[in-house]
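Engineer: Sequence plus the predicted model coming up.
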Amino acid sequence: MKKIKKKIKIKKKKNDEAEEKEKEKKKKRKKKKEEKKEKEKEKEKEKEKEKKKKKKKKKKKKEKESYKTEAACGAQTNRKRYLMRVPELTGGAAVAVTLSASSITSPLIFIT
């Protein structure tokens with residue numbers, strides 16, 4: 001006697017198909033959420049870079065202004081005293097410099 005082999009196809013129920021669709025939808029939702037998180041992380045990194053650039057610019061501005069800080073000049077009203085860097089005269093060291101009132105036209109620098 002020969003054994004009869006039959007291929008049995010199990011038909012999926014409608015409920016199973018609906019469950020598969022729901023699973024696919026969930027996967028799509030997860031992917032979208034992950035993409036949003038990645039985009040947010042990238043935006044945060046860009047913001048941090050911009051903040052660092054702004055801080056560097058502020059530091060540079062402070063350095064530029066620091067050589068021109070006004071110092072007390074006693075009773076002389078026509079002269080102003082500054083802490084300046086005069087690299088031609090002192091090699092880059094900060095020096096107290098007194099500028100006379102006529103220094104706009106002909107600068108007179110008195111290193112004290």
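Structural biologist: Thanks, I have the structure now.
Engineer: got a list of what residue 51 touches?
Structural biologist: By CB atoms under 8 Å, 6 or more residues apart in numbering, the contact set of residue 51 is empty. Every residue, glycine included, has its C-beta placed from N, CA and C.
Engineer: and it, what pLDDT?
Structural biologist: pLDDT recorded at residue 51 is 89.
Engineer: Now for it, which secondary structure element holds it?
Structural biologist: Using DSSP states H and E, the element containing residue 51 is helix 14-66.
Engineer: How is the protein partitioned into domains?
Structural biologist: 14-66, 67-112 (automatic domain parsing).
Engineer: Where among the ones you listed is average confidence lowest?
Structural biologist: Across the domains of the chain, domain 67-112 has the smallest mean pLDDT, namely a mean of 55.
Engineer: Extract the C-alpha set from stretch 23-39 and format it as CSV.
Structural biologist: What follows is stretch 23-39 as a C-alpha-only set of coordinates in CSV (Å, rounded to 0.1, in the frame of the first residue of the first chain):
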residue,chain,number,x,y,z
LYS,A,23,2.3,44.8,13.7
GLU,A,24,3.4,46.5,10.5
LYS,A,25,1.9,49.7,11.6
LYS,A,26,3.6,49.5,15.0
LYS,A,27,7.0,48.9,13.2
LYS,A,28,6.4,52.0,11.1
ARG,A,29,5.6,54.0,14.1
LYS,A,30,8.7,52.9,15.9
LYS,A,31,10.8,53.8,12.9
LYS,A,32,9.3,57.3,12.7
LYS,A,33,9.9,57.8,16.4
GLU,A,34,13.5,56.7,16.1
GLU,A,35,14.0,59.1,13.1
LYS,A,36,12.5,62.0,15.1
LYS,A,37,14.9,61.2,18.0
GLU,A,38,17.9,61.2,15.7
LYS,A,39,16.9,64.5,14.1
